[in-house]
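> Here you go, sequence then predicted model.
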Amino acid sequence: MNKVNTNPMKPPVYPITLVLDTLPFQTIALNFITKLLESLGNDTILTIMDHDCSKASIFIPYKEANDLKE
């Protein structure tokens, strides 16, 4: 009962499958690169990557803390 589980279950991996005859940026992935040193008021980079057609990437400077008022 007190034995530590040394083989925990891993969650299944669902890769992005390629689709033929797609347009650029039809299938994308978004990622944030955070906790960077501040530069021109930005401390995060938003990356947008095309997965099917061109493998192109777009990098957008971003501010991690948004002070939006409703």
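Now that the structure is in, tell me what you want to look at. Numbers count the residues shown, from 1 in each chain.

> element containing residue 48, please.
If you go by DSSP states H and E, residue 48 is part of strand 44-50.

> Next secondary structure element downstream of that strand?
From strand 44-50, the next helix or strand downstream (DSSP H and E) is strand 57-62.

> in that next one, what counts as buried?
Buried residues in strand 57-62, counting neighbours by 16 or more other C-beta atoms under 10 Å, are found at residue 62. Placement of C-beta: from N, CA and C, glycine included.

> Run through the neighbouring helices and strands of that strand.
Contact analysis of strand 57-62 by 3 or more C-beta pairs under 8 Å, 6 or more residues apart in numbering; DSSP states H and E lists strand 44-50 as its packing neighbours.

> Contacts for the strand it packs on, please.
With contacts defined as C-beta atoms under 8 Å, 6 or more residues apart in numbering, strand 44-50 is touched by 24-36, 55-64.

> Okay, angle between that strand and strand 57-62 too, please.
Strand 44-50 and strand 57-62 are oriented at 160 degrees to each other (axes from the mean of the first three to the mean of the last three C-alpha atoms, to 10 degrees).
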